[in-house]
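K.L.:
build me a structure from this.
(chains A, B, C and D)
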Number of protein chains: 2
Amino acid sequence: MTRRGETLELAVLGLLHEQPMHGYELRKQLNVVLGWGRLLSYGSLYPALKKMSRAGWITEHVAEPGTTAPVTRRQRIVYELTERGDQRFTSLMSDAGPASWEDDNFDVRFAFFGRTDRDIRLRILEGRRARLQERLSRAQQQLAASRERDTYTEELQRHGVESVEREVRWLSDLIAAERDGVRRQVTKPTETT
Amino acid sequence: MTRRGETLELAVLGLLHEQPMHGYELRKQLNVVLGWGRLLSYGSLYPALKKMSRAGWITEHVAEPGTTAPVTRRQRIVYELTERGDQRFTSLMSDAGPASWEDDNFDVRFAFFGRTDRDIRLRILEGRRARLQERLSRAQQQLAASRERDTYTEELQRHGVESVEREVRWLSDLIAAERDGVRRQVTKPTETT
DNA sequence: GTTAGCATGTAAGGAGTTACATGATTTT
DNA sequence: AAAATCATGTAACTCCTTACATGCTAAC
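P.N.:
Residues are numbered from 1 along each chain as shown, chains lettered A, B, ... in the order given. Purely as a prediction, here's the structure:
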C-alpha cells in the first residue's frame, strides 16, 4: 500500500519495458524521464533496483565481459522486466491515487503515454489540469490580496501564475488532440509576451 | 556547515524579518514564499522552529489569550527574530554556495530581494541564469539526439526546454532592469497593515 | 602513468511527510 | 450537537543525498 516514492519505480519499469539495461545506463535514461534537475544518485538507484528485484518485478543477469556487447568494460548487471513487472507497470500507470501522488508522477507517466490506453491518458491529463487550475485560482487570489507586499514578492507570484497558466494551455492542447484522435505533431503555440 | 535544508530556515528568518508571527500563521506565509505546491507539514515546521530557537536566531514568546490580539483563540507561541538571526539571514542571502543549493534557494531568496543589496541580487540572478542555460544546452542536445523516441517523450522534452527558455528570458529582463537601476521601489515597502 | 569515464555498491545522515495526540473556538 | 478552523506538538517512516569503498578500461 505504498503510496509515495513509486515514481522511481515506475520510471525504471517503464524504461526496462523498452529494453533490458544495466544500472549505469539506466541512471542516464532516468535523467530524461524523471523531471529532476540533477542525476539520481547511485546510493538511491542500486538499493531501489535490489528492492524491485526482490519484489519480482525485474531480474538481474550478470553479463560477463565479451558475451553481450561488442566492447564490454567490466562485469555489468543487466536488469530485465518480468511479466509481473509488466503488470505492475500497467497498474501504476492506470491507477488513480491521491492528488499529490499524481502530481509527483505526472512527468514520468506522460513519458510512457505511448504504452497506455487513450482513456487512461485523458484521465491523467484532465486530472492534472484540474489540479493546476485549482492551484491557479488560489494563487491568483493570493496575488490580488497581497498588493501591499513588495515588488519582488509580487513579481515572483506573477511569474508563478503565468507559468501555471502556460502549463494549463499546454495540457488543454494535448487533451484536445487526444480527443480528436489526432496524432499530435508538435505545433508551436504562438508566443505572446 | 549545513549546506542543504537551509531553505526553510531562510524562509522563516525572512518572514520574521517583517514581523513576529506564530507557527500557524507562519505556515500559511511560507506557502507563498517557498515555491512548494503543498503546505509545509507541522511535523516539519515546529521542530525546525525549536531548532532555530536553540540556535539563538529566534525567540519564543508565549502570548496568553487576550493580551496581544483582539480575539486570541488559545495559547499561541509568537516567534521573533533576534539580532543574531538577522545576521544569519543576511549571511544566507549573500553567501554563495554549491549550484544545487543556490537552485533550491532561488525562489526564497528572490522573495526577499527587497532586503538585499543590488550587487547580491545581480549575482544571484546571473548565477541562476547561467545554470539554467547550461541545463538548457544539455536538454537541447538530448532532444536533438533522441528523435527516434516516441512522440510523447519528445513532447515532454520540448515542453521542458520551452519552459526553461522562458525562465531564462524572464531572468534576463530582471537583470537588465537591475542594471539600469530601474528601481523597483525597494527596501522597505510603505508601512501599512 | 595519471586522469577521466565506466560500473557497482554500502553507511550515515538530512529533510520531509503521515499519522497520531490534544484541545479550544467558531460556524453551521 | 457536529463540523470546521485554529493551534501546537511527537514518533515513525520514506526517500533521497553525500561520502566512502572498490576496481576496471580508455585516452592523454
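K.L.:
kindly report the residues of chain A close to chain B.
P.N.:
A:32-33, A:35, A:37-38, A:100, A:103, A:107, A:110-114, A:135, A:142, A:146, A:148-153, A:155-157, A:159-160, A:163, A:166, A:170, A:174, A:183-186, A:193 (Cβ under 8 Å from any Cβ of the partner chain). Heads up, the C-betas are built off the backbone N, CA and C, glycines and all.
K.L.:
report the buried members of those.
P.N.:
By neighbour count, with 16 or more other Cβ atoms under 10 Å in any protein chain shown, the residues of chain A next to chain B hold A:32-33, A:103, A:107, A:110-113, A:135, A:142, A:149-150, A:152-153, A:155-157, A:159-160, A:170, A:174 as buried.
K.L.:
make sure A:T59 is indeed in a strand.
P.N.:
Yes - using DSSP: H, G, I helix; E, B strand; the rest coil, the assignment for A:T59 is a strand.
K.L.:
any idea how far A:H22 is from the residue lying closest to it once chain neighbours are set aside?
P.N.:
Nearest non-adjacent residue to A:T59, counting by Cβ to Cβ, 6 or more residues apart in numbering or on different chains: A:E80, 5.1 Å away. To A:H22, A:E80 is 10 Å away according to Cβ to Cβ, to the nearest Å.
K.L.:
so for those two, which sits in the more crowded spot?
P.N.:
Neighbours were counted for A:E80 and for A:H22 using other Cβ atoms under 10 Å in any protein chain shown; A:H22 has more, 20 against 13.
K.L.:
got the phi and psi for the more buried one?
P.N.:
The phi/psi pair for A:H22 (degrees, to the nearest 10) reads phi -100, psi 170.
K.L.:
show me what contacts the residue lying closest to it once chain neighbours are set aside?
P.N.:
Leaving aside its sequence neighbours, A:H22 sits nearest to A:R76 (Cβ to Cβ, 6+ apart; 4.2 Å). Neighbouring residues of A:R76 by Cβ atoms under 8 Å, 6 or more residues apart in numbering or on different chains: A:22-24, A:62-63.
K.L.:
ok so, going back, wasn't the residue nearest to A:T59 part of a strand?
P.N.:
Yes - judged by three-state DSSP, A:E80 forms part of a strand.
K.L.:
what angle separates the longest helix seen in chain A from helix B:151-179?
P.N.:
Ranked by residue count under DSSP state H, the longest helix found in chain A is helix A:151-180. Helix A:151-180 and helix B:151-179 meet at an angle of 160 degrees, taking axes from the mean of the first three to the mean of the last three Cα atoms, to 10 degrees as the criterion.
K.L.:
following the helix or strand harbouring A:T90, which helix or strand comes up?
P.N.:
Per DSSP states H and E, A:T90 falls inside helix A:83-94. Next along the chain after helix A:83-94, taking DSSP H and E as the criterion, comes helix A:99-111.
K.L.:
does DNA strand D have contacts with that next one?
P.N.:
No - contact of helix A:99-111 with DNA strand D (Cβ under 7 Å from any atom of the strand) is absent, the minimum separation being 8.7 Å.
K.L.:
other residues contacting that helix?
P.N.:
A:3-4, A:6-7, A:10-11, A:14, A:32-35, A:92-93, A:96-97, A:116, A:124, A:127-128, A:131, B:37-38, B:152-153, B:155-156.
K.L.:
now that helix, how far from the chain's geometric center?
P.N.:
5 Å (Cα atoms, centre = their mean, to the nearest Å).
K.L.:
and stretch A:47-57, by the same measure?
P.N.:
Put simply, stretch A:47-57 sits 20 Å off its chain's centre (Cα atoms, centre = their mean).
K.L.:
what does stretch A:27-42 give?
P.N.:
11 Å.
K.L.:
pull the CA coordinates from it and hand them back as PDB.
P.N.:
Taking C-alpha atoms only, stretch A:27-42 is exported to PDB below (Å, rounded to 0.1, in the frame of the first residue of the first chain):
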ATOM      1  CA  ARG A  27      20.600   6.300 -14.500                       C
ATOM      2  CA  LYS A  28      21.300   8.400 -17.600                       C
ATOM      3  CA  GLN A  29      18.000   7.400 -19.100                       C
ATOM      4  CA  LEU A  30      16.200   8.200 -15.800                       C
ATOM      5  CA  ASN A  31      17.500  11.700 -16.000                       C
ATOM      6  CA  VAL A  32      15.400  12.300 -19.100                       C
ATOM      7  CA  VAL A  33      12.300  10.600 -17.800                       C
ATOM      8  CA  LEU A  34      12.300  11.900 -14.300                       C
ATOM      9  CA  GLY A  35      11.900  15.700 -14.400                       C
ATOM     10  CA  TRP A  36      14.600  16.200 -11.800                       C
ATOM     11  CA  GLY A  37      17.300  18.700 -12.300                       C
ATOM     12  CA  ARG A  38      20.100  16.500 -11.000                       C
ATOM     13  CA  LEU A  39      21.000  13.000 -11.800                       C
ATOM     14  CA  LEU A  40      19.700  10.300  -9.500                       C
ATOM     15  CA  SER A  41      22.400   9.200  -7.100                       C
ATOM     16  CA  TYR A  42      23.800   5.700  -7.100                       C
END
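K.L.:
just the residues contacting it, thanks.
P.N.:
Counting by Cβ under 8 Å, 6+ apart, residues outside stretch A:27-42 touching it are A:7-8, A:11-12, A:14-15, A:21, A:23, A:45, A:107-108, A:111-112, B:100, B:103, B:135, B:142, B:146, B:153, B:157, B:160.
K.L.:
do that stretch and DNA strand C meet?
P.N.:
Yes - applying Cβ under 7 Å from any atom of the strand, one finds that stretch A:27-42 is in contact with DNA strand C at A:Y42.
K.L.:
same check on stretch A:7-23?
P.N.:
Yes - Stretch A:7-23 reaches DNA strand C (Cβ under 7 Å from any atom of the strand) through A:22-23.
K.L.:
is DNA strand D contacted by that stretch?
P.N.:
Yes - Stretch A:7-23 reaches DNA strand D (Cβ under 7 Å from any atom of the strand) through A:7-8.
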